[in-house]
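Student: starting from these lines, generate the structure:
(2 chains)
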Amino acid sequence: MTTGSVTFDTTQHSTTGNGLLLEADGVAKAFHGVPALRSGHLKLRPGTVHALCGGNGAGKSTFLNIVMGLLRRDEGSIKIKGEVVDFRSASEALDHGIAIITQELSPVLEMTVAENIYLGREPKRLGAFIDFALLETQAQKLLDDIGFPIRANARMSNLSLAETQLVEIAKALSFDADIVIMDEPTSAIGEHEAHILFAAIDRLKHRGSGIIYVSHKLSEIFEIADEFTVFRDGNYIVSGSMKETTRKELVTHIVGREIKVVEKERPNAGAPILLEVRNLSRESEFKDISISVAAGEVFGIYGLLGSGRTEFLEAVYGMETPTSGEVMLAGRPVPRGKPRESIKMGMAMVSEDRKDSGLVLSSSIAHNITLSALSLMAVSGFVKQQKEREVVEEMIRSQRIKTSSSELAVENLSGGNQQKVVFARCLTTNPRLLICDEPTRGIDEGSKQEIYAFLRDFAAKGHGVLVVSSEAPEILQVSDRIAIFKAGTLVDVIDGHGATQQMIMELAS
Amino acid sequence: MNANITKIATGTPSERRKAEITKDFIKSFSIILVFLAICVLFTSLNQYFLTWNNWLNLLRQSSINGILAIGVTFVILTKGIDLSVGSVMALAGMMAANLVTTGNEHLVIWSILAALGTGAVVGLANGVLIARINVPPFVATLGMLSMARGLTLIYSDGRPIANLTASLRWIGSGNVLGLPVPVLIFFAVFLIGWLTLSRTTFGRYVYAVGGNEKAARTSGISTRTIIAATYVICGLLAGLAGLVLTARTTAALPQAGIGYELDAIAAVVIGGTSLSGGRGSLVGTLFGALIIGTINNGMDLMGVSSYYQQLLKGAIIVLAVIADQIRK
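Tutor: Below is the predicted model:
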């Protein structure tokens, strides 16, 4: 598997290894005897962005948690600037100049941006009174320095999700850390904000900091990373320079096999219209949008964050009530604002955020799978257990959900497996139209291709798919036609066969 | 425990069914252990504790709190809370008693319906306030706690209603096959409630709504209806508990049931149901109610002052939650 050309020359590091910011060797950790990480190696040089790549369950999070002092390692060594360390808490790691930016946001909504950034470290007068003027000046200077267009005196509750994420990033940077760990920092922000972040990362790099960057979005990694390390199934696989690898090679390392990219065939011309949306509007979110999806077609919607794409999907499905316009499925009008009715008519929705709106995490895999179709498996209100078990077993098999038992709570599954449970739930009602909002967010490359193949297959059976994605390569790969949204309006609908990334990005911005 | 889970997934049908039934008990295993430990303790301290008569007494004492706690479990599973149940008991008891003072023997069925109906109507009011008008459950039911008590006092003019008919009193003090009627009612309610939560679509929806309301709505569940229904169930059972209490005390007292909501919530929490919704079971609540009943009964037997009983009960609630967190 290991390809010599991209592996670090080991003799080289033994002579010049002293300049490393972080050097981890053979780090291992097991939970209840099950190894989560067997051999974590990573060498972070000053002034570089180092991408840590791997699928779900590769051991990345375990490794980063050990580096951050949130977990203790069982074996191996970690050196920070040459000094062997063994952190017992996150604050010890912070004292050694390691800061982390996670995808989990934890803002205090009723406080200002400045108060959030310096929470617990406020400048004080007479040792007790917070110096609010100084606090605000400090925070504003920090935000200006890293180029984030946010006012320090703004209240957190008034910020958008993307801005909140930027504040979280500013907070991590305010510690003047030499080592910054970024775990999926762009999962909640749009491309515009992502580029503001990348500019900030560039500045950090030139300051001499090292950044460990984790992201499932390969295009990002190729844009900003200098070096990479791949973990797979808890093992270190390979490291190398980004310049000397290709997207295909990296994916092969991450997945452990060659991935077959899904080919799409053009659907039959003249197929009947399945979904027709006429002049749909909702308050200030989107206005006057008309599209139609034919049977056998995957219809993609591409737009930046705030373009109204998610709100549009939710209105079509009935999670939100549109202010005007109509939605027709196979020629029949769909009642407004009633997901229950939409499901009965043949729609199903895979929503943007599994944890927020896709799954009942505390419930079992079986109960999640049958949630939508439970009334079909019941006689006078009582669930027919045998029937339910058959459906669950069939779905676990057909969706290839990896689990030891269907009784396991969904919260114990990896992201990719959780998303398969969402798809399984949607399929139990035999939908004709599948609505997907960011169906592959936070999912590893191997599972992504499985989902694309599934969507194409689903459409090929004469069904329809309406899919939103903020990742241009994804929308190009799956869609027959692509609608471009911009600031709540439909800019254009283009043919997905032959469209390019540049075309759709230009239309959208 | 894991072997059991495997059986549910892969065993033969009869194995599965058995595993399925024991599953809920296993989930509540630690609470059952705590209950047994308390029983062993009191048995060693007092020879009278482990007698049939005392146990009938203990079960009778636990039954009212148990009925209330079962209703409150439904509400707490949806991430809600119902503080009004104690007041609803008094109001329902008053309505029931008013119909059947001496001479109205044949009206006892109406008084039962009056108690249940009163509870259900108040529960529906709670449900509409919470699920339709989006008043936070704590606030809506706190308001209802005061309003229902106020209505009781207005209706009764602050005076108790006594002279209940024999058939109504039978509900509180009668026996069937040697078991007190309140205990039979409690067990029947438990069985129906348990079947509802574990076997019906409604029960599943209750867990789903409490676990993740938005996901439940995306899945096509009418979340508002489900939430409102749990308050109706809770109110209905509070009405039933009020009826039993009135029958036992042979009078409807305007100040009946004060503070009962706290014992009911305590039983649910001791039973391991999460206040953040979506997790828990009625088996846990059953033993939660039994633990509270046992502590009261055991300490009564030993002549411990009720002041100390309060202290110990509070400590046990906190310890139960700590134990639950350690287990996780």
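Student: residue of the stretch 51-200 of chain A closest to chain B, please.
Tutor: Of all residues in the stretch 51-200 of chain A, A:Leu161 sits closest to chain B, at 15.6 Å by C-beta to the nearest C-beta. (Glycine included, C-beta is placed from N, CA and C.)
Student: and the residue of the stretch 401-509 of chain A found nearest chain B, how far from A:His367?
Tutor: At 4.5 Å from chain B, A:Ser405 is the closest residue in the stretch 401-509 of chain A, using C-beta to the nearest C-beta. The gap separating A:Ser405 from A:His367 is 13 Å, by C-beta to C-beta, to the nearest Å.
Student: cool, and B:Leu177?
Tutor: 38 Å.
Student: of these two, who's got more company?
Tutor: A:His367 (23 against 5; other C-beta atoms under 10 Å in any protein chain shown).
Student: state the three-state secondary structure for A:Trp140.
Tutor: Heads up, residue A:140 is Gln, not Trp. Of the three states, A:Gln140 takes helix under DSSP: H, G, I helix; E, B strand; the rest coil.
Student: now it: closest residue in space that isn't a chain neighbour?
Tutor: In space, and not counting its chain neighbours, A:Gln140 is closest to A:Ala152: 4.1 Å by C-beta to C-beta, 6 or more residues apart in numbering or on different chains.
Student: next, the one you found: secondary structure please.
Tutor: Assignment for A:Ala152 (three-state DSSP): coil.
Student: what pLDDT does it get?
Tutor: Listed pLDDT for A:Ala152 reads 90.
Student: same question for B:Ala9.
Tutor: pLDDT, B:Ala9: 45.
Student: now do B:Thr102
Tutor: pLDDT, read off for B:Thr102, is 58.
Student: state the phi and psi torsions of the residue of the stretch 401-509 of chain A closest to chain B.
Tutor: phi -160, psi 140 (degrees, to the nearest 10).
Student: if we can go back for a sec, was I right to think the residue nearest to A:Gln140 contacts A:Ala114?
Tutor: Yes. Between A:Ala152 and A:Ala114 there is a contact under C-beta atoms under 8 Å: 4.2 Å.
Student: who touches both of those two?
Tutor: A:Glu136, A:Ala139, A:Gln140 (C-beta atoms under 8 Å, 6 or more residues apart in numbering or on different chains).
Student: dump the residue contacts of the first one.
Tutor: To tie it back to what came earlier, the one meant is A:Glu136. Contacts of A:Glu136 (C-beta under 8 Å, 6+ apart): A:Thr112, A:Ala114, A:Ala152, A:Asn153.
Student: do the same with the last one
Tutor: Residues in contact with A:Gln140 (C-beta under 8 Å, 6+ apart) are A:Ala114, A:Arg151, A:Ala152.
Student: and the stretch 151-300 of chain B, which residues reach chain A?
Tutor: When proximity is defined as C-beta under 8 Å from any C-beta of the partner chain, the stretch 151-300 of chain B approaches chain A at B:199-202, B:204-205, B:207-208, B:211-212, B:214-222, B:274, B:278-279.
Student: of the residues you listed, buried ones?
Tutor: B:199-202, B:204-205, B:207-208, B:211-212, B:214-222, B:274, B:278-279 (16 or more other C-beta atoms under 10 Å in any protein chain shown).
Student: can you pull out the helices in the stretch 151-300 of chain B?
Tutor: B:166-173, B:181-199, B:201-211, B:213-218, B:223-249, B:260-270, B:282-301 (DSSP state H, counting those that start in this stretch).
Student: residue ranges with poor pLDDT in chain B?
Tutor: B:1-28, B:101-106, B:324, B:327-328 (pLDDT under 70).
Student: swap in 80 and give it another go.
Tutor: B:1-30, B:99-107, B:317, B:320-321, B:323-328 (pLDDT under 80).
Student: how about the stretch 351-500 of chain A?
Tutor: Looking along the stretch 351-500 of chain A with the criterion set at pLDDT under 80, you get A:353-356, A:414-415, A:442-446.
Student: now do the contacts for the residue nearest to A:Gln140.
Tutor: Counting by C-beta under 8 Å, 6+ apart, the residues that A:Ala152 touches are A:Thr112, A:Val113, A:Ala114, A:Ile117, A:Glu136, A:Thr137, A:Ala139, A:Gln140, A:Leu143.
Student: among those residues, which lie within strands?
Tutor: Counting by DSSP state E, these place none of their members in strands.
Student: can you tell me which of the residues you listed are buried?
Tutor: Counted by 16+ other C-beta under 10 Å, the contacts of A:Ala152 give A:Thr112, A:Val113, A:Ala114, A:Ile117, A:Glu136, A:Ala139, A:Gln140, A:Leu143 as buried.
Student: just checking, the fourth one touches A:Ile169?
Tutor: Yep, that's A:Ile117 we're talking about. No. With contact defined as C-beta under 8 Å, A:Ile117 does not reach A:Ile169; the gap is 10.2 Å.
Student: about what we covered before: isn't the residue of the stretch 51-200 of chain A closest to chain B right up against A:Ile189?
Tutor: Yes. Contact criterion C-beta under 8 Å: A:Leu161 and A:Ile189 qualify, at 7.4 Å.
Student: and the two? which has more neighbours close in?
Tutor: More crowded of A:Leu161 and A:Ile189, by other C-beta under 10 Å: A:Ile189, with 22 against 14.
Student: pull up the residues of chain A that are close to chain B.
Tutor: So chain A meets chain B at A:317, A:319, A:339-340, A:342-344, A:349, A:351, A:356-363, A:367, A:370-372, A:374-375, A:378, A:381-383, A:385-386, A:404-408, A:425, A:429 (C-beta under 8 Å from any C-beta).
Student: so of those, which ones are in helices?
Tutor: In helices, judged by DSSP state H, the following of the residues of chain A next to chain B are found: A:Tyr317, A:Pro339, A:Arg340, A:Ser342, A:Ile343, A:Lys344, A:His367, A:Gln385, A:Gln386, A:Arg425.
Student: surely the fifth one touches A:Thr429?
Tutor: In this case it means A:Ile343. Yes. At 5.5 Å, A:Ile343 counts as touching A:Thr429 under the criterion of C-beta under 8 Å.
Student: tell me the contacts of the residue most central in space within chain B?
Tutor: Central residue of chain B (C-alpha atoms, centre = their mean): B:Ala69, 2.0 Å from the mean position. By C-beta under 8 Å, 6+ apart, B:Ala69 lies in contact with B:Asp263, B:Ala264, B:Ile265, B:Ala267, B:Val268, B:Gly271, B:Thr285, B:Gly288, B:Ala289.
Student: make it 10 Å
Tutor: By C-beta atoms under 10 Å, 6 or more residues apart in numbering or on different chains, B:Ala69 lies in contact with B:62, B:76, B:85, B:186, B:190, B:237, B:241, B:260-261, B:263-271, B:273, B:282, B:284-286, B:288-289, B:292.
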